[in-house]
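Peer 1: sequence and predicted structure, then a few things I'm wondering about:
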Amino acid sequence: MKVHPDEFAMACEYANSHDFEHLNPEQIHQVMVRGRELHKWFRAHPHLHAAISLSAIGSIFAVDWLVWIALARWFVATVPGSWALILAAIFTGTFHSWLAYSLSIYSLHEGAAHNLIFPGRSPFSRAASFLSTNMCRLSAAEPECYSACHMAHHAKFGTKDDTEFLNFIFPRRLWLNFLPLGSFFNYTDFFVHRTSAYTRSSATSGLIAAIYNGLYLFMLYRFFGLLFTVIAFLLMPHIGFYVDRLRQFTEHNLMPLENNSGARSLGVGFWGLLIGGGPWGQPCHLAHHMVASIPWYQQIILHRYIVGLLTVTQRKQFLLKPIVGFPALLWAILRESNHFTRTSASRVFAGD
């Protein structure tokens, strides 16, 4: 993904022309103090942290197996008819795709970018870190380019050097990802899980993903037949990709151009876990941007601490509404960005 000058100009104009209640210095200080406490605990308990990381990774693979082997086979055997087979295939393909997204974002973000899954220096930690960093290749994600871009996103947030600039995204760049086979073809450059052109690393990811998912589909065919396999195959590469694009479209869009107030947190409720990719994904993004050196479970702790510091106005700005949550946020961003584009684009670009 690259910075588009027109989007950068629109983001600057939006930030300058709209009121926003930023976190005040006292709030920021309290968050930093709590963040340092959490970081010290994390560094003081490497074995417990390794156990948590192993449990997170193991749970993803275990749940995937449970759904497509145990649950799907039970459902097909219990409920007769082709409709049961079709429903089971839709559920299996969708859920597997979401789990692949969950594993991928955990591997890319916590592993490749921040080295927080197994950060130790022992031979076990180095080997585990290598494997966890490259788990994302099972879904064809490319960790090397992502790592470099993401760290620039933190270091240069909200500037022209932010290689994941997300503070203003034209909606058409989001919608182009939803075209057929959008997870494979570059209809737009609004993606971060792969490179814009093939590299040796991206080719490696493609090969690993083809082997892994090919074995997965072969097992589906052996257990459930051709119809089930085709339906699951049509869903597998796409659902998780769509969710990931929705997450990234909403994390920073129309937010201020500075780290301490420039991100939303989806939270650890239903919408946050669904769109964020699970608790080890990015449901607590504001906490992550403020204290990027702590792992996912401590981000949740820090998120809850931050929520307690926010004013009523700040909660509306940084958090989801109850129940309607993410759909309401997505609609608000689409409506506001389209309205702002219609009313301000000519003035912004004339000034350039």
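Peer 2: Structure's in. What do you need? Small disclaimer: the values here were computed from a predicted structure and weren't measured. Residues are numbered from 1 along each chain as shown.
Peer 1: identify the residues contacting stretch 85-92?
Peer 2: 67-68, 72, 75-76, 220, 224-225, 227-229, 231-232, 235 (Cβ atoms under 8 Å, 6 or more residues apart in numbering). (Glycine included, C-beta is placed from N, CA and C.)
Peer 1: in that stretch, what counts as buried?
Peer 2: Buried residues in stretch 85-92, counting neighbours by 16 or more other Cβ atoms under 10 Å, are found at 85, 87-92.
Peer 1: which of the residues you listed fall within helices?
Peer 2: Mapping the buried residues of stretch 85-92 onto helices (DSSP state H) picks out 85, 87-92.
Peer 1: would you mark the buried spots in the helix or strand harbouring residue 43?
Peer 2: Element membership of residue 43 [criterion: DSSP states H and E] is helix 25-44. Neighbour counts over helix 25-44 (16+ other Cβ under 10 Å) mark 27-28, 31, 34-35, 38-39, 42 as buried.
Peer 1: outside of that helix, which residues touch it?
Peer 2: The contact list for helix 25-44 (Cβ under 8 Å, 6+ apart) reads 23, 49, 260, 287, 290-291, 293-295, 298, 301-302, 305-306, 309-310.
Peer 1: any idea which helix or strand comes after that helix?
Peer 2: helix 46-65.
Peer 1: what packs against the next helix or strand after that following helix?
Peer 2: Downstream of helix 46-65, the next assigned helix or strand under DSSP H and E is helix 72-78. Judged by 3 or more Cβ pairs under 8 Å, 6 or more residues apart in numbering; DSSP states H and E, helix 72-78 is in contact with helix 82-105, helix 200-224.
Peer 1: please identify the deepest-packed of those helices.
Peer 2: Mean neighbours per residue, mean count of other Cβ atoms under 10 Å, is largest over those for helix 82-105, with a mean of 20.
Peer 1: tell me which residues in the following helix or strand past it are buried?
Peer 2: Moving toward the C-terminus from helix 82-105, the next helix or strand (DSSP H and E) is helix 123-134. By neighbour count on 16+ other Cβ under 10 Å, the buried set for helix 123-134 is 128-129, 132-134.
Peer 1: list the buried ones in stretch 264-282?
Peer 2: Neighbour counts over stretch 264-282 (16+ other Cβ under 10 Å) mark 264-268, 271-282 as buried.
Peer 1: cool, and stretch 5-23?
Peer 2: Buried residues in stretch 5-23, counted by 16+ other Cβ under 10 Å: 7-15, 23.
Peer 1: residue 233 is in contact with residue 97, isn't it?
Peer 2: No - applying Cβ atoms under 8 Å, one finds residue 233 not in contact with residue 97, separated by 10.4 Å.
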